[in-house]
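> below is the structure, and that's it, no one-letter string:
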């Protein structure tokens, strides 16, 4: 019988000082909020899920401003004007309260969904009066007083609906918070567990550091985490909905699902009435096979499965179970081998059909998180899937997991080398690619020797022409984009990425998106390249889409269309974990004048406008004007994008000033 899973409980040390995390990933939103709070504007309401960073955004927006701050609390919802008690005399009327606060230029109201009715009415009247600029923060999913919701439904204030920080920004935040880069599979795990809740993320990261569960990867500065989940007070609080079940049968169902992870349980093995109640509270995810007829009775449907909705509920429930209960429930867990095979098969099907949109892979992630050896055949599929999505660091990490279990696995070695080459790395790691015709162009491409890379492709072309059966399916499945040999087809498509599309036009199935990209590039057709890029992005090929947009930027005759294509290319390439490929070379820096490029280089190095002005003997205003023009040409929102842009391969000579 398998041993129970060990989940430890963590209590923070008293008196620990928690410094603010760096402000990350909300530059555009910050600019919007600041503009909404300028003179003549009414302000703005900011809504979003718990822990998404509304308060931090507001704090940054009002930094240095003369601002009055109030906040709603659940304990005082029945006390009139409780949120404004520190600003108003006791027994004040609504009319008098409006008079007293109308002199405030800027009012920040945090947790406005928790305001008492009198405070909500006061806030609404201040918005109607229009003398005070308002910054109102509300949590999604919580009951909101009508007087507060009417601020945006009645068009008194514009509304900014925040979403959880994307995975790329979470990874950047973790790097700053952990004191160094976090290994990508660890960053993915943290993002998945916390679902964008930054408060929960911080608490969990503190626990990992406290218990020394966040360790350094040998020969790198990266931090990694495998193994148990430390159950923090914040995590237990977030899981109160499952821990505090008063019905024993409901708790038994939840515990069974927790100990069945990473696999779901068939719905017909559980009580349907209990499932309905738990699903109504958002505690369960029900998966019904789409191939099953609609009128099938769910009680007898073996294709309906159930799992816990929140990834943190399982660790909390397992930690709360007694030893005998844990032993009983752990012993009933089903083997994961068949489910792991099914995940790999599904990823392979998606690759073959040129559809690499993100898909759940709970079994592989479970094995990885538990610190168990990852089978090299599974790691290779995961690495390839990630690489095709443009997630190059993640691809390298999966390949590394496979090599840890089988150091000489050839497929994992190739995937690791391809991820390195397409990240601009050179040397021994990528040289093995030169031994295989399908990958031989990438070592010189990584060195920036595009002529040699194209010559390698021409030699491969000659070999293919000499072979009457070049390895592609002459009659591909109409449901696929790349025929029966996806390895050869993607290798053929590399010619498009390296700027030699004619070969791909001849060899790729004509009705696929990869061939459409090849034909558009061969014709230097900017609009067609835009369409191909959009379809590639929709299918999950973020790096391919970035490259297609970059090529469109060079093909467009209209300057506005070219600028739009380059802007999209930059935005997508920033999500590709350090990709540096020939198609992205000179993506944007060649658009700048010599002076703009000089100033942008210094700004990317971290110099302030004043420091740049002093170094170049310019006025601060002139530096600011040049940067503003550069941002417009680069499609960058602010300084945050500049270091990434400067990491691109050298651009062509800049335009004259």
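It's in. Source: prediction; values computed, not measured.

> quick check: closest non-adjacent residue to residue 24.
Distance criterion C-beta to C-beta, 6 or more residues apart in numbering; nearest residue to residue 24, sequence neighbours excluded, is residue 173 at 4.5 Å. (Glycine included, C-beta is placed from N, CA and C.)

> number of residues surrounding residue 511?
11 (other C-beta atoms under 10 Å).

> that one falls within a helix, correct?
No. Assigned with DSSP: H, G, I helix; E, B strand; the rest coil, residue 511 falls outside any helix and is coil.

> quick one: it from residue 611, how far?
Residue 511 is 55 Å from residue 611, where distance means C-beta to C-beta, to the nearest Å.

> what do you get for residue 274?
To residue 611, residue 274 is 65 Å away according to C-beta to C-beta.

> for the residue nearest to residue 24, the count of nearby residues, please.
For residue 173, using other C-beta under 10 Å, the count is 25.

> repeat for residue 93
Neighbours around residue 93, by other C-beta under 10 Å: 12.

> now do residue 85
Quick note: residue 85 (other C-beta under 10 Å) scores 15 neighbours.

> cool, and residue 79?
Counted with other C-beta under 10 Å, residue 79 comes out at 13.

> cool, the one 10 residues further on as well?
Applying the criterion other C-beta under 10 Å, we find 10 residues in the vicinity of residue 89.

> for it, grab phi and psi.
For residue 89, the backbone dihedrals (degrees, to the nearest 10) come out as phi -70, psi 160.

> what separates it from residue 123, distance-wise?
18 Å.

> list the contacts for the nearest residue to residue 142 once chain neighbours are set aside?
Closest residue to residue 142 apart from its sequence neighbours, by C-beta to C-beta, 6+ apart: residue 113 at 4.4 Å. Contacts of residue 113 were listed using C-beta atoms under 8 Å, 6 or more residues apart in numbering, and they are 72, 138, 139, 142, 143, 144, 145, 148.

> so which of those sit within strands?
138, 139 (DSSP state E).

> just the pLDDT at the residue of the chain positioned farthest from its centre, thanks.
Computed with C-alpha atoms, centre = their mean, the residue of the chain farthest from its C-alpha average is residue 91, at 49.5 Å. The model reports residue 91 with a pLDDT of 88.

> phi, psi for it please.
Per degrees, to the nearest 10, the backbone of residue 91 is at phi 80, psi 20.

> for it, what are its contacts?
Contacts of residue 91 (C-beta under 8 Å, 6+ apart): none.

> try it again at 10 Å.
Contacts for residue 91 (C-beta atoms under 10 Å, 6 or more residues apart in numbering) come out as 80, 81.

> what ranges does the stretch 51-200 of the chain have for its helices?
Here the stretch 51-200 of the chain has its helices, by DSSP state H, counting those that start in this stretch, at 54-61, 94-101, 117-129, 146-153, 167-177, 184-194, 198-210.

> least confident of the ones you listed, on average?
helix 167-177 (a mean of 81).

> helix 198-210 and that one, what's the angle between them?
40 degrees (axes from the mean of the first three to the mean of the last three C-alpha atoms, to 10 degrees).

> for the closest residue to residue 134 other than its chain neighbours, give me phi and psi.
Distances taken as C-beta to C-beta, 6+ apart place residue 43 nearest to residue 134, at 3.6 Å, with adjacent residues excluded. Dihedral pair for residue 43: phi 120, psi -160, per degrees, to the nearest 10.

> report the distance from stretch 543-553 to the chain centre.
20 Å (C-alpha atoms, centre = their mean, to the nearest Å).

> let's number from 52 now, not from 1
All set: I'll call the first residue 52, so the last point we hit is now stretch 594-604.

> shaky segments in the stretch 52-201 of the chain?
52-70 (pLDDT under 70).

> make that the stretch 602-708 of the chain, sorry
637-643, 683-708.

> switch to 90 and redo it
The stretch 602-708 of the chain contains residues with pLDDT under 90 at 610, 614, 617-618, 621-622, 624-626, 628-631, 633, 635-708.

> what number of residues are in the vicinity of residue 389?
Counted with other C-beta under 10 Å, residue 389 comes out at 11.

> my bad, residue 452
So residue 452, with other C-beta under 10 Å, has 24 neighbours.

> center of the protein - which residue?
Using C-alpha atoms, centre = their mean, the most central residue of the chain is residue 218, at 2.2 Å.

> hmm, that residue is touching residue 243, no?
Yes. Counting by C-beta atoms under 10 Å, residue 218 touches residue 243, with 8.9 Å between them.

> joint contacts of these two?
In contact with both residue 218 and residue 243: no residue, using C-beta under 10 Å, 6+ apart.

> residue 130 versus residue 159, what's the distance?
Counting by C-beta to C-beta, the gap from residue 159 to residue 130 is 20 Å.

> domain boundaries for the protein, per the record?
78-212, 218-284, 290-382, 386-472, 491-620, 637-697 (automatic domain parsing).

> would you mind giving those as a markdown table with distance to residue 630 added?
A markdown table is the format used below for those (distance: least, C-beta to C-beta, whole Å):
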| stretch | distance to residue 630 |
| --- | --- |
| domain 78-212 | 21 |
| domain 218-284 | 12 |
| domain 290-382 | 29 |
| domain 386-472 | 6 |
| domain 491-620 | 5 |
| domain 637-697 | 11 |
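
> closest to residue 628 out of those domains?
domain 386-472 (4.1 Å; C-beta to C-beta).

> all strands for the chain, in order.
94-99, 119-122, 157-161, 184-190, 210-212, 266-267, 274-275, 316-317, 335-339, 355-359.

> where does pLDDT dip in the stretch 452-601 of the chain?
Looking at the stretch 452-601 of the chain by pLDDT under 90, you get 475-480, 482-483, 485-489, 496-540, 554-555, 557-558, 560-561.

> please enumerate the helices of it.
461-472, 493-498, 501-517, 537-548, 552-558, 564-573, 577-589, 593-606.

> buried stuff in stretch 243-261?
Residues 244-259, 261 are the ones in stretch 243-261 that count as buried (16 or more other C-beta atoms under 10 Å).

> same deal with stretch 380-390?
Counting neighbours by 16+ other C-beta under 10 Å, the buried set in stretch 380-390 is 380, 381, 384, 387, 390.

> tell me which of the residues you listed is nearest to residue 613?
residue 390 (47.6 Å).

> how close does the closest one sit to residue 235?
23 Å.

> one more: residue 317?
Residue 317 is 34 Å from residue 235, by C-beta to C-beta.

> between these two, tell me which one has more neighbours.
Just comparing residue 317 and residue 235: by other C-beta under 10 Å the higher neighbour count belongs to residue 235, 22 against 13.

> who are the contact partners of residue 216?
Residue 216 touches 75-77, 102-104, 222-224, 242, 247-249, 252, counting by C-beta under 10 Å, 6+ apart.

> quick one: least confident of the buried residues of stretch 380-390?
residue 384 (85).

> my read: that one touches residue 308, true?
No. The pair residue 384 / residue 308 is not scored as a contact, 11.1 Å apart, by C-beta under 10 Å.

> which residues touch the spatially closest residue to residue 465 that is not a sequence neighbour?
Spatial nearest neighbour of residue 465, chain neighbours left out: residue 490 (6.7 Å); criterion: C-beta to C-beta, 6+ apart. By C-beta under 10 Å, 6+ apart, the contact set of residue 490 is 465, 468, 469, 472, 481, 483, 484, 507, 538, 542, 545.
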